[in-house]
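Student: coordinates for the following, if possible.
(2 chains)
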2 protein chains.
Amino acid sequence: MGLPEIKKELAASDNFLVTCHLNPDGDALASLLGMCSLLKAMGKRAVAISPDPVPRRYLFIPGADEVIPFRDSDGQGPFDAVVFLDVGAQDRITKVSEFITDKMKIINIDHHPSNDGFGDAAWVDGSYSATAEMLHELFRSLKIVPDADTALALYVGIITDTGRFRFSNTSSRCLATAAALVELGADPSLAAEKVFYTTPAIVISTLRKFLSRVEQHEEGKIVYSYLNLDELEIDTEGFIDNISGIHDVVISILMQQVSEDKYKFSLRSNDDEVDVSAIASKYNGGGHHKAAGCRIKGTFDDVKAEILDICTKALYNQE
Amino acid sequence: MGLPEIKKELAASDNFLVTCHLNPDGDALASLLGMCSLLKAMGKRAVAISPDPVPRRYLFIPGADEVIPFRDSDGQGPFDAVVFLDVGAQDRITKVSEFITDKMKIINIDHHPSNDGFGDAAWVDGSYSATAEMLHELFRSLKIVPDADTALALYVGIITDTGRFRFSNTSSRCLATAAALVELGADPSLAAEKVFYTTPAIVISTLRKFLSRVEQHEEGKIVYSYLNLDELEIDTEGFIDNISGIHDVVISILMQQVSEDKYKFSLRSNDDEVDVSAIASKYNGGGHHKAAGCRIKGTFDDVKAEILDICTKALYNQE
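Tutor: Numbers count the residues shown, from 1 in each chain, chains lettered A, B, ... in the order given. Okay, the predicted model is just below:
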């Protein structure tokens, strides 16, 4: 199983559903756009349906507004085949599966090591920084040159999943791919500004509150802060970076209320020995060794105590 | 004048002083370390003397602690030649010039377009993202392979001057050079964490103060905040990013008191039409189109009014 099987299955069908995981991030979106562009260049029909709408910060990518949120996808089927992109585990798809019939071929391309290789053809390779990087490889292997818009999308996928060349998945190959995408017309400065530095003014006051609530635990090795339900409507990606970089911090936690009894967690690890994706996966969340997320139900106090406890155990390798 | 002349002059002398601009940043330091490593590989003596000590955040680079601050440089001379690295203008050298005699050859390698090409041999090329990127080119041209420590230093130079592949100087070539340096052993994750995400805990409380003082001017197109003298001792690089990314902001200003009657400014522009290095250069500062800095003397109120006035004029192209 791998790239050759993927190419065979892509050639064999004509009418593709292309989809990704819940709450698409930059890499999921990049992969949708890249795959649709590739399939269209191959003369196929391709429809990108995302379980959830595309976050506003990614709408600058040409074509991002053509990704159909599931809630607006009535009448799009039937399809011959489905391409799952960046879907670390099959249960992260949910709603879109309504389109999938027994007769459809299932194609699975992903860089999450947790992916079990489901489907009729699977190419899963955790050595890639992003699924977008795999798509660049697929383009190259098929001798199809991505246009500038597709190059931009794939570049966004790479910078999203590497934290703009910050995380340990940043390889020489991933930087060389980024260089190739810029050569093809991706604007790295535009991508960085849009993905990482565009903030409504209200974010500043919320960031101030977030910083005023920082708690240090375990002699500063764990830092924690939280956001309330009414502070949810803004984009708080990046908040956690302000605390995860504090000297001596190993695990950082952002707890954010998403409904009456539900809390969303962003977790970061600064230590190769501490895998926050293992913590997240206990709650059906996902992510990477050093950056992961999950949701936990319960009261504020219970959920906070639970996450601090599990993080403390992870810190001392007592899982 | 260019790379061939540089190679000729490097071959012609044996005993080099290698220096950089005031307040060395990551690129200046990377260039010092890269040039010393190169000259030693060529069998020469090379001594790196910096006008000011190396900032703490860069001390993780092997060899950074061997750069001699000018204040400790007694007895290092005499030298046959001096290599100026990343020195945008000759007047940014000051103290180290005490070592320079009329007989010494002067070599000038720099990527600042403001550099007038002073010296016996000059290689000035504003198309490079960083002087470190030029040094990588010099290594390649001399067929000398940088060791892993030197590769790390050069990588740090590139991510410092591109804001980790954020600014508009991020080219395909610069990303390809970064890929080559990682291939040679530079750890991109280590570099990013050390340069951009290592913060003493006290920074958080200072950042809170900084955020509480944010002012919006010109309908939010200019944002301003300040730090007091007693808040100077911490590393505030990156603070300005929190406000420069606010929607609609064109120019962002961080004003930081450095002595009784002197203020340091960090300026950022989000608009290709607004060049903050032009503002900084009026006060003998320097930098790039979208990120620059300078110092202004005066009282708090006068200096603040002056910078807001000049930035407002720049905003409306009324210079």
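
Student: can you pull the buried residues of stretch A:48-56?
Tutor: A:48-52, A:54 (16 or more other CB atoms under 10 Å in any protein chain shown). Where you see a C-beta, it was placed from the backbone N, CA and C, and this is true even at glycine.

Student: which residues touch that stretch?
Tutor: Stretch A:48-56 is contacted by residues A:17-25, A:28-29, A:32-33, A:35-36, A:64-71, A:73, A:76, A:93-96, A:99, A:235 when judged by CB atoms under 8 Å, 6 or more residues apart in numbering or on different chains.

Student: show me which of those are buried.
Tutor: Members of the contacts of stretch A:48-56 classed as buried by 16+ other CB under 10 Å are A:17-22, A:24-25, A:28-29, A:32-33, A:35-36, A:64, A:67-68, A:70, A:73, A:93, A:95-96, A:99.

Student: for A:Asn228, what are its contacts?
Tutor: A:Gln257.

Student: can you do 10 Å?
Tutor: A:206, A:209, A:213, A:256-257, A:300 (CB atoms under 10 Å, 6 or more residues apart in numbering or on different chains).

Student: whichever of the residues you listed end up buried, select them in ChimeraX.
Tutor: Entered in ChimeraX, the line below selects the buried ones among the contacts of A:Asn228, by 16+ other CB under 10 Å:
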select /A:206,256,257
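
Student: out of the contacts of A:Asn228, list just those in helices.
Tutor: Per DSSP state H, helices hold the following members of the contacts of A:Asn228: A:206, A:209, A:300.

Student: the first one contacts A:Leu227, correct?
Tutor: If I follow you right, that is A:Thr206. Yes. Using CB atoms under 10 Å, A:Thr206 makes contact with A:Leu227 at a distance of 6.9 Å.

Student: CA atoms only for the host helix or strand of A:Leu10, dumped as CSV, please.
Tutor: Using DSSP states H and E, A:Leu10 falls within helix A:3-12. Output of helix A:3-12 as CSV, limited to C-alpha atoms (Å, rounded to 0.1, in the frame of the first residue of the first chain):
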residue,chain,number,x,y,z
LEU,A,3,1.6,6.0,-3.4
PRO,A,4,1.4,3.6,-6.4
GLU,A,5,-2.0,2.2,-5.2
ILE,A,6,-3.3,5.8,-4.7
LYS,A,7,-2.3,6.7,-8.3
LYS,A,8,-4.1,3.6,-9.5
GLU,A,9,-7.3,4.3,-7.7
LEU,A,10,-7.3,8.0,-8.7
ALA,A,11,-7.0,6.9,-12.3
ALA,A,12,-9.8,4.3,-12.0
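
Student: next SSE after that helix?
Tutor: By DSSP H and E, the next helix or strand past helix A:3-12 is strand A:15-19.

Student: any idea of the mean pLDDT for whichever helix or strand comes after that following strand?
Tutor: Sequence order places helix A:26-41 as the next helix or strand after strand A:15-19, per DSSP H and E. When pLDDT is averaged over helix A:26-41, the result is 98.

Student: is chain B contacted by helix A:26-41?
Tutor: No. Between helix A:26-41 and chain B, judged by CB under 10 Å from any CB of the partner chain, nothing touches; the nearest distance is 14.6 Å.

Student: chain center to that helix, what's the gap?
Tutor: Mean-position distance between helix A:26-41 and its chain equals 14 Å (CA atoms, centre = their mean, to the nearest Å).

Student: pull the most distant pair out of the buried residues of stretch A:48-56.
Tutor: With CB to CB as the measure, no two of these lie farther apart than A:Ala48 and A:Asp52, at 12.7 Å.

Student: and A:Asp125, how far is that from B:Arg140?
Tutor: 31 Å (CB to CB, to the nearest Å).

Student: the two: which is more packed in?
Tutor: A:Asp125 (17 against 13; other CB atoms under 10 Å in any protein chain shown).

Student: what ranges do the strands span in the stretch 101-250 of chain A?
Tutor: Remark: strands assigned in the stretch 101-250 of chain A by DSSP state E, counting those that start in this stretch are A:105-110, A:121-124, A:215-217, A:222-227.

Student: report all helices and strands that the first one contacts.
Tutor: If I follow you right, that is strand A:105-110. Under the contact definition 3 or more CB pairs under 10 Å, 6 or more residues apart in numbering or on different chains; DSSP states H and E, strand A:105-110 sits against helix A:3-12, strand A:15-19, helix A:26-41, strand A:81-85, strand A:121-124, helix A:131-141.

Student: any idea of the mean pLDDT for that strand?
Tutor: On average, strand A:105-110 scores 97.

Student: okay, that strand in CSV with CA atoms only?
Tutor: What follows is strand A:105-110, C-alpha atoms only, in CSV (Å, rounded to 0.1, in the frame of the first residue of the first chain):
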residue,chain,number,x,y,z
LYS,A,105,-13.9,3.2,-3.5
ILE,A,106,-12.2,4.6,-0.4
ILE,A,107,-8.8,6.3,-0.7
ASN,A,108,-6.9,7.4,2.3
ILE,A,109,-4.0,9.9,2.3
ASP,A,110,-2.6,11.0,5.7
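
Student: show me the shaky parts of chain A.
Tutor: Chain A contains residues with pLDDT under 70 at A:1, A:91-93, A:199-200, A:232-237, A:318-319.

Student: domain parsing for it?
Tutor: A:3-196, A:202-315 (automatic domain parsing).

Student: go through those and pick out the most buried.
Tutor: Mean neighbour counts were compared across the domains of chain A using mean count of other CB atoms under 10 Å in any protein chain shown; the top stretch is domain A:3-196, at a mean of 21.

Student: how far does that one sit from the chain's center?
Tutor: Distance, centroid of domain A:3-196 to centroid of chain: 11 Å (CA atoms, centre = their mean).

Student: do stretch A:286-303 as well
Tutor: Counting by CA atoms, centre = their mean, stretch A:286-303 comes out at 16 Å from the chain centroid.

Student: one step back: export the helices and strands packed on strand A:105-110 as JSON lines, with columns for distance to A:Leu190.
Tutor: Formatted as JSON lines, the helices and strands packed on strand A:105-110 follow (distance: least, CB to CB, whole Å):
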{"stretch": "helix A:3-12", "distance to A:Leu190": "30"}
{"stretch": "strand A:15-19", "distance to A:Leu190": "24"}
{"stretch": "helix A:26-41", "distance to A:Leu190": "13"}
{"stretch": "strand A:81-85", "distance to A:Leu190": "23"}
{"stretch": "strand A:121-124", "distance to A:Leu190": "30"}
{"stretch": "helix A:131-141", "distance to A:Leu190": "16"}
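
Student: closest to B:Lys304 out of the ones you listed?
Tutor: helix A:26-41 (38.3 Å).

Student: measure how the closest one sits relative to helix A:131-141, angle-wise.
Tutor: Counting by axes from the mean of the first three to the mean of the last three CA atoms, to 10 degrees, helix A:26-41 lies at 20 degrees to helix A:131-141.

Student: who's A:Arg268 bridged to?
Tutor: Taking DSSP bridges as the rule, A:Arg268 bridges to A:Ser252, A:Ala291.

Student: was I right to think it contacts A:Asp241?
Tutor: Yes. Using CB under 10 Å, A:Arg268 is in contact with A:Asp241, at 7.9 Å.

Student: any residues in contact with both of those two?
Tutor: Joint contacts of A:Arg268 and A:Asp241 (CB under 10 Å, 6+ apart) are A:163, A:252, A:254, B:197.
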